[in-house]
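Chemist: Fold the following for me, if possible:
(2 chains)
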Amino acid sequence: MRGKFSTLSIYALVSILLLAGCTTTSKGATTEVTKEEDKTLIISLGPDLMTWDIHNHTTTTTEAIHVNVFDYLLMRDKVGEIQPHLAKEWNKIDDTTVEFKLNEGIKFHNGEDLTAEDVKFTLERVAKDDTLRSHGDYDTIKEVKVLDDLKFQIITTEPDPMLLSRISRQASGILPKDYIEENGWDHFENSPVGSGPLKFVEWKRDNQVVLEANPDYFGKKVTNVDQVIFRAIPEDSTRVAELLSGNIDIVANVPPSDWERVKSSDNSQIVNGPSNRNYMIFLRTQEGWPTSDVKVREAMDYAIDDQAIVDSLLNGGGTPSLSRVNPGDIGAQEELYGKYNYDVTKAKQLLAEAGYEDGLTIELSGPTGRYIQDREVMQLIAGMLEEAGIKTEMNLMKWEPFVELREQQKFKDGYLIALGSSFFDAGQSLNYYGTDRASSINGYSNPEVDQLLSDAETLMDESARIEMYQRVQDIANDEKPILPLFQIDQYFGVSKSIEYETRMDELIYIPDIINK
Amino acid sequence: MWKYLFMRLLQIPPVLFIVTIMIFVLVYIAGDPVATMLPADASPEEIAQFRHALGFDQPFYVQFGNYILDLIRGDFGESYQYGTSALGLVLERLPATLELATASMVIAILIAIPLGIISAVKPNTVIDFFATSFSVLGKAIPNFWLGIMLILVFSVTLKVLPVSGTGSYAHIVLPAITLGTAMSAEITRLVRSSMLEILHQDYIRTARSKGLKYSAVVIKHAFKNSLVPVITITFLQAAALVGGSLITEMIFAWPGLGQLIIQAVYAKDLPIIQAAVFVTASMIIFINILTDIMYRVLDPRIKFI
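Modeler: Presented below is the predicted three-dimensional model:
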């Protein structure tokens, strides 16, 4: 009996020692990874950084880190207006040439000067290398002509009214030519050098990116913190738990089910603000589908109560709109913003006129886990449509198979999606209405729209261009090949010690974050 | 024994080769990754051009041929998502996964063996009831639920352990418990049943009648003989841990293979899937061989054929 006890007590002792070992290190350890000292800002956007190659990714979460290390020539402010940044001034020379002048004395983190040669190197790389993922957004750039160290011209293949938008968004950072040519891309990707407000310190994959303040920054310096850590925490509930336990200052994409928990905690809050992303439903207009009848599309529009969706599923964080171009974007038709159609009786009447007195059945596809409340939005829409007599079968799937379904046009009557517009220009968001583009989606075609879009694409007269885009939105609102639903807010969980405002472009620009 | 070992080792290359070819074919059938690599509003022309630039528009036999040639050279290629060596990315994360798997095994064994022995020695008592309930519940509780609950209790409410990440021994406690619980439950059940069986054998009664101490009989005579099935299950579970830690790693933001593989499967990042499957398959084969050798060491009656 004594022997049994001694075995037991050895096990007990070992277990206690192990546990004790864990807890004594725990406090020191937690601080090591999270708050080394008060002047470290810790952020989790969810996924890890994809790469340091600014031209070879397409994710906003990666760009949100890049934008702090690399500077754009021009940069949008919080509300989306283009402001001077690396370039202090620019003039249009002719329809295909814009001349820029850089600020003086800008240095990369390795001490080298940032010159027009670096701009040429960077922009021509992405404009010419078609294996880069951002190539499609820059291929209108034909050449960058260096005039002197600070002056250069960007020459486009044809007049490009979207040029300034093109160079003030994702993948627009300027890279250090000499550093990359001397050390190669592999070296650059392991120890990137930019000119931005933060300098690279370390990247542990799937773990964290560590950056430190750049005291020599030419613009608005980061003074309130010494170090910024971006932690990769893909699981929503874990991210929220880190915020609630005070280890992380800012977390992105707080799921709606956790809003109350965050709000009711003593040290955290929910910060939301508009994004340039809108929920919309693409509907087939090809022969053979019920939605080819404009009356059916209109009936669907009248059946969906956009405001009710925003109120019940997004806690009011969104704005209904009859256009996907939001105010602040060039070419927005502001009369359509803030409005929506909702009238179930009228929807039923339109259906009857279209010959569907007894109702009809359609199938809508949509992604899950990609956009805020995407599954719930779809379910609510299906319920609303059903009330008007349109029985809706939902085909919900993960993002990747959804992208494939969309690309291969295997969806049935339509699909739900929330597209953003990183160009802040109707030229990007309205091209879905052109026959060319629509032929691979919903088959919409209107010669007047085609003419307007093609004229506006190379028109350098901004006010005339805006009018054309507004006209396209009016036509689209009559014919409804796409039902724009509402603009959505972005939701961050933020520590109460931080003053934080969201940006329209969904990036996180550290110099704007104020430590209270 | 050496001949046996040599024969087993000889089987490894063809097995790995067949596994990698199967993966290639499965991923090929699932479609190419181009559309998900570009922004959601990329036009069909942009997608087609990018597909061409990356060579995904080449016929199956060309892609397959290139793939086999690279594989023979030991080149798994570059990840489509990250643009760097796929094998490098996998090997970089392997230590974290191994660390978590080892810690889970240690925790599982530390809990399971004493619990199993005690419940077998004292059947139908409170502790036996506890052990049997644990072995049912531990197996039944889903990983993700247990992980989230542990975070809520120990990190958010009690604030004694970190929520997620790495950096210290404390960081591994919750993920290791989450991952080790199911394994622990399985081993507890097994230790208990095989001990119960052995404790009723004649030679145990003989040992007792010789006047040996009860604890010595339990540990030296009964427990040692109950180890063969226990070791089998433990090793098989260990192999499963390496591949099965995906969900636990996601919950605790543990920088192992889990996050990498899940993302690679969604993005159809073939080089990473290949490299990861290759590495985990190699480890599972290795563990299986090790299990066979352990048998021999524990029970000399088992012969290698």
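
Chemist: The residue nearest the centre of chain B sits in which helix or strand?
Modeler: By C-alpha atoms, centre = their mean, the mean C-alpha position of chain B lies nearest to residue B:241, the distance being 1.9 Å. Assigned by DSSP states H and E, residue B:241 belongs to helix B:224-244.

Chemist: How about the contacts made by the residue nearest to residue B:191 when sequence neighbours are not counted?
Modeler: By the measure of C-beta to C-beta, 6 or more residues apart in numbering or on different chains, the closest residue to residue B:191 outside its immediate chain neighbours is residue B:116, 2.6 Å from it. C-beta: built from backbone N, CA, C; applies to glycine. Remark: with contacts taken as C-beta atoms under 8 Å, 6 or more residues apart in numbering or on different chains, residue B:116 is in contact with B:131, B:187, B:188, B:189, B:190, B:191, B:192, B:195.

Chemist: and if you look at residue A:264?
Modeler: Residues in contact with residue A:264 (C-beta under 8 Å, 6+ apart): none are found.

Chemist: for stretch A:353-364, which positions count as buried?
Modeler: Neighbour counts using 16 or more other C-beta atoms under 10 Å in any protein chain shown place A:354, A:356, A:360, A:362, A:364 of stretch A:353-364 among the buried residues.

Chemist: Go through those and name the one nearest residue A:282.
Modeler: Of all the buried residues of stretch A:353-364, the one sitting nearest residue A:282 is residue A:364; the distance, using C-beta to C-beta, is 9.5 Å.

Chemist: Tell me how far the next helix or strand after the helix holding residue B:241 lies from the chain's centre.
Modeler: Next along the chain after helix B:224-244, taking DSSP H and E as the criterion, comes helix B:246-251. Centroid displacement of helix B:246-251 relative to its chain, using C-alpha atoms, centre = their mean, to the nearest Å, is 12 Å.

Chemist: next one: stretch A:132-148
Modeler: For stretch A:132-148, the distance between its averaged C-alpha position and the chain's averaged C-alpha position is 22 Å (C-alpha atoms, centre = their mean).

Chemist: Over to stretch A:409-422?
Modeler: Here stretch A:409-422 is found 16 Å from its chain centre; the criterion is C-alpha atoms, centre = their mean.

Chemist: okay, how far is it across that stretch, tip to tip?
Modeler: In terms of C-alpha to C-alpha, to the nearest Å, the two terminal residues of stretch A:409-422 are separated by 25 Å.

Chemist: For that stretch, the averaged confidence score.
Modeler: For stretch A:409-422, mean pLDDT is 92.

Chemist: And stretch A:186-198, by the same measure?
Modeler: The predicted confidence, averaged over stretch A:186-198, sits at 95.

Chemist: Next: stretch A:355-366.
Modeler: Per-region confidence: stretch A:355-366 scores 93 on mean pLDDT.

Chemist: Excluding its own residues, what touches that stretch? List them.
Modeler: Surrounding stretch A:355-366, the residues in contact under the criterion C-beta under 8 Å, 6+ apart are A:281, A:290-291, A:296, A:351, A:374-375, A:378, A:381-382, A:385, A:389-397, A:402, A:405-406, A:411-417.
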